[in-house]
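# sequence and computational prediction follow.
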Amino acid sequence: MAVANFLAMSAVAANAADVAPSPAPVEGWTVTLGLGPQVVTSFPGAQTVRVWPTGNFAYRKPNEPAPFVAPDDGFGIALLDFGWIKAGPVGRIMSNRGLSDGNGNFYGLRNVNWTLELGGFLDVYLSEHLRTHLELRQGVNGHDGLVGNVAIDAIQKFDAFTFSIGPRLALGNSQFMQSYFSVSPSEALANGKVYPYQAYGGVTSFGGLATVKYDFDPSWSATLFGGYDRLMNSAAASPIPNRLGSLNEYTGGVIIAYSFNFKGIGILGF
C-alpha cells in the first residue's frame, strides 16, 4: 500500500509539472506611431523641393500582424476593419504656394495658403500581397478643392524586410486645378512669363512609389521610400509648370516607427 501510494503521488506530481501555466492574454491594442522627414516638390507645378514632415499611425490586436501602411497614405484611422477591407476617416496637410524658397518666378500669381484636407479612405486587399488604397478629401481652406488618390501596392516580406511598389494616380476637381494651374489675364500681365489659361478638373498626375521597411525588433522599424509623378492632362497643359516650374514631382524620405501596447479608452479601448 505504501509503495502504491508513493507511485500515485509521483504520477500526480509529474502531471502537474508537465502542465505549464498559460500566459496571461495581452490586453488592449498594439499602437504604431511613425514620424520622419521627406523631401517633396514644394507645391503642384513647382520645380523646387522642400523638407516636409511625414508619418503614419496604425493599431491592431496584440496577436495580429502589423498592417501595411504606405508612406504616402493620408493620416487615417480604420474604424471599419474586416481584414481584407478597411475604411475610415483620413486627413492630410498640403503646403502653401508662395514666393519663398526659390519660387520668386511665381511673382504675380495668386498665393495658395496651406490646406487641411479631410475625407475618407478605403483599403481593399485583393490578396495578401496586393492592396488597393483609395482616398477622397475636401480642402477646408487653402485651395478649397476636392482631391482623390488611387494607389496599388504589391507587398512582399522577406524575414525582417518588407518591400512594396506600385502605381499612383491623383485627381482634382476644377476648384483644385484652378488654384494651382489657372492663370488670369491680370496674373499673366503681372508675371510676364505666362499666358492666360483656364484649368479644368480631372487626372492631375500619374506615377509610382517604392518602399523598403526593416524591423529592428518587434518595437522599432525604419522605412525608406521614394516616388515620382508626372503631371497630366489640364495640369500638364498649363503654362505654370511649363514656363515657371516643372511637370515632374518627386518624393523621398524615411520614417522611424515605434510600436507599444496601449490600454486606453474610446476608439482604441473598446
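Looks like it came in fine.
# okay, now the unreliable bits of this protein?
Low-confidence segments of the chain (pLDDT under 70): 1-27, 264-270.
# which residues of it fall in strands?
With DSSP state E, the ranges of strands along the chain come out as 29-41, 49-60, 75-76, 80-81, 85-94, 115-127, 130-139, 146-158, 161-172, 202-215, 220-231, 248-262.
# let me have those strands in a markdown table, extended by distance to residue 184.
Using the backbone N, CA and C atoms, a C-beta is placed for each residue, glycine as well. Output for these, formatted as a markdown table (distance: least, C-beta to C-beta, whole Å):
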| stretch | distance to residue 184 |
| --- | --- |
| strand 29-41 | 23 |
| strand 49-60 | 26 |
| strand 75-76 | 34 |
| strand 80-81 | 43 |
| strand 85-94 | 22 |
| strand 115-127 | 20 |
| strand 130-139 | 20 |
| strand 146-158 | 22 |
| strand 161-172 | 19 |
| strand 202-215 | 20 |
| strand 220-231 | 20 |
| strand 248-262 | 24 |
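# can you redo those as TSV with mean neighbour count and distance to residue 187?
Listed next are those as TSV, based on neighbours: other C-beta atoms under 10 Å; distance: least, C-beta to C-beta, whole Å:
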stretch	mean neighbour count	distance to residue 187
strand 29-41	18	21
strand 49-60	17	23
strand 75-76	19	33
strand 80-81	14	44
strand 85-94	17	21
strand 115-127	17	20
strand 130-139	19	21
strand 146-158	17	22
strand 161-172	18	19
strand 202-215	18	20
strand 220-231	19	19
strand 248-262	17	22
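# tell me the centre residue of this structure?
Note on the chain: the residue nearest the mean C-alpha position is residue 73, at 1.7 Å, using C-alpha atoms, centre = their mean.
# hang on, it packs against residue 56?
Yes: between residue 73 and residue 56 there is a contact under C-beta atoms under 8 Å: 6.7 Å.
# and residue 240, which of the strands of the chain is closest to it?
strand 220-231 (9.7 Å; C-beta to C-beta).
# what angle sits between the closest one and strand 202-215?
160 degrees (axes from the mean of the first three to the mean of the last three C-alpha atoms, to 10 degrees).
# who does strand 220-231 pair up with?
strand 202-215 (antiparallel), strand 248-262 (antiparallel) (DSSP bridges).
# redo the ones you listed as TSV? Include distance to residue 148.
Converted to TSV, those look like this (distance: least, C-beta to C-beta, whole Å):
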stretch	distance to residue 148
strand 202-215	9
strand 248-262	16
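# closest one to residue 67 among these?
Closest to residue 67 of the strands paired with strand 220-231, according to C-beta to C-beta: strand 248-262, at 11.2 Å.
# between the closest one and strand 161-172, how big is the angle?
120 degrees.
# tilt between strand 248-262 and strand 29-41?
Counting by the same axes, to 10 degrees, strand 248-262 points 160 degrees away from the direction of strand 29-41.
# change the start of the numbering to 36 and stick with it
All right, first residue 36 from here; so that's strand 283-297.
# strand 283-297 vs strand 84-95, what angle?
Using the same axes, to 10 degrees: strand 283-297 against strand 84-95 is 30 degrees.
# with only the CA atoms kept, save strand 283-297 in PDB.
Backbone C-alpha positions of strand 283-297 (Å, rounded to 0.1, in the frame of the first residue of the first chain) are rendered in PDB as follows:
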ATOM      1  CA  ASN A 283       7.900  66.300 -62.700                       C
ATOM      2  CA  GLU A 284       7.200  65.700 -59.000                       C
ATOM      3  CA  TYR A 285       9.500  63.800 -56.600                       C
ATOM      4  CA  THR A 286       9.300  62.500 -53.100                       C
ATOM      5  CA  GLY A 287      11.700  60.600 -50.900                       C
ATOM      6  CA  GLY A 288      12.300  60.100 -47.200                       C
ATOM      7  CA  VAL A 289      12.500  57.900 -44.100                       C
ATOM      8  CA  ILE A 290      10.000  57.100 -41.300                       C
ATOM      9  CA  ILE A 291      11.000  55.700 -37.900                       C
ATOM     10  CA  ALA A 292       8.200  53.900 -36.200                       C
ATOM     11  CA  TYR A 293       7.600  52.600 -32.700                       C
ATOM     12  CA  SER A 294       5.000  50.100 -31.500                       C
ATOM     13  CA  PHE A 295       3.800  49.700 -28.000                       C
ATOM     14  CA  ASN A 296       0.900  48.200 -26.000                       C
ATOM     15  CA  PHE A 297      -1.900  50.600 -25.100                       C
END
